[in-house]
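Asker: Just the structure for this:
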Amino acid sequence: MNKDVAYPSSFIGRRTLGAQFMKFILSGGAGTVAQYLVLIVLVKLLGVPPGRASMAGAIVGAIVVYLLSRRFTFETQRGHRETLPRFVLMAMAGTLMNGALVGYLSKIGLYFLLAQMVATVVVLVFNFIVSKLWIFR
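Answerer: Have a look, this model is predicted:
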């Protein structure tokens, strides 16, 4: 393959955006793993009730996602005072959106796990756009 081939900037921009989106998915995956590890350890080893353990896991997962998004995905130079409150607002909006979508789609007859899959994709795209354009730009 010829290394001297020039690519249009729009192609390079799409490639960069795609790579960034994959980093975003990896960061989210790491946060999910952290969330489930905390949940399992708290419930199985420490006897914490599942509801409380789930909330603790969600907080740990969100911290992992936030830190990875700052350094790995978006490589921002913005300070925590600016990015953290915005991240918390996005997480709250995403949680509400997720609940509303699952509730609505289930109500109109979609199996709840399929409804959750649809909501996950919608919230993932929403979170990426908000993170890229508002939180970590």
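Asker: For A100, grab the count of nearby residues.
Answerer: 11 (other CB atoms under 10 Å). In short, each C-beta sits where N, CA and C put it, glycine included.
Asker: Next SSE downstream of the host helix or strand of it?
Answerer: Secondary structure assignment for A100, by DSSP states H and E: helix 80-107. Next helix or strand after helix 80-107 toward the C-terminus (DSSP H and E): helix 112-130.
Asker: which residues touch that following helix?
Answerer: 21, 24-25, 28, 90, 93-94, 97-98, 101-102, 105-106, 110 (CB atoms under 8 Å, 6 or more residues apart in numbering).
Asker: now this structure, which segments are flagged as low pLDDT?
Answerer: For the chain, the stretches flagged by pLDDT under 70 are 1-15.
Asker: I'd like the distance between the residue nearest to the spatial centre of the chain and V38.
Answerer: Central residue of the chain (CA atoms, centre = their mean): G28, 4.4 Å from the mean position. Noted for G28: a distance of 16 Å to V38, by CB to CB, to the nearest Å.
Asker: Now do stretch 118-129: distance to the chain's middle.
Answerer: 8 Å (CA atoms, centre = their mean, to the nearest Å).
Asker: can you pull the buried residues of that stretch?
Answerer: 119, 123, 127-128 (16 or more other CB atoms under 10 Å).
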